[in-house]
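Trainee: Pasting the sequence and the predicted model now:
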Amino acid sequence: MFATARRYEGVKDPAAAAKKVDEVFVPLISALPGFVEYFWIHLGDGAMMSITIFETLSEAIDANDKSRTWVKEHLSSVLSSSVRIEAGTIVAYKGKA
């Protein structure tokens, strides 16, 4: 499995960002092939983070491309352009059974 974490700083309206992500983005990302899990996290102090998990590297890359485009088109009014992106192979995992 592969994970991508994106940390957004300077979020102008965390509530609006969370609402749009939950109502519009989550259905889009979760319908992609290889989807495992998605998290949108409010870190406080104007920072938010997303974590996506996909089965394969190619599925994760495709999801990252779609995510980048969606954020640019739909969240540019509430998110700053400051984003830190990290991605890698999941080497240990335990979900709640």
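Mentor: Now that the structure is in, tell me what you want to look at.
Trainee: At which residues are the helices of the chain located?
Mentor: 14-20, 26-30, 57-74 (DSSP state H).
Trainee: Export these to a markdown table and append columns for mean pLDDT and mean neighbour count.
Mentor: Bear in mind the C-beta positions are built from the backbone N, C-alpha and C, glycine included. Converted to a markdown table, the helices of the chain look like this (pLDDT from 0 to 100; neighbours: other CB atoms under 10 Å):
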| stretch | mean pLDDT | mean neighbour count |
| --- | --- | --- |
| helix 14-20 | 91 | 16 |
| helix 26-30 | 95 | 13 |
| helix 57-74 | 89 | 15 |
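Trainee: Could you dump those helices into JSON lines and include distance to F2?
Mentor: Supplementary listing: those in JSON lines, determined by distance: least, CB to CB, whole Å:
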{"stretch": "helix 14-20", "distance to F2": "24"}
{"stretch": "helix 26-30", "distance to F2": "14"}
{"stretch": "helix 57-74", "distance to F2": "4"}
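Trainee: wait, which of the ones you listed is closest to S50?
Mentor: Smallest distance to S50 across these (CB to CB): 7.6 Å, for helix 57-74.
Trainee: Now do the closest one: distance to the chain's middle.
Mentor: 9 Å (CA atoms, centre = their mean, to the nearest Å).
Trainee: Provide the contact partners of that helix at residue level.
Mentor: Contact partners of helix 57-74, identified using CB atoms under 8 Å, 6 or more residues apart in numbering, comprise 2-4, 6, 20, 24-25, 28-29, 32-35, 50, 52, 54, 79, 85, 87, 89.
Trainee: circling back to that earlier point, so which of the helices of the chain gets nearest A97?
Mentor: Comparing the helices of the chain by CB to CB, helix 26-30 comes nearest, at 20.1 Å.
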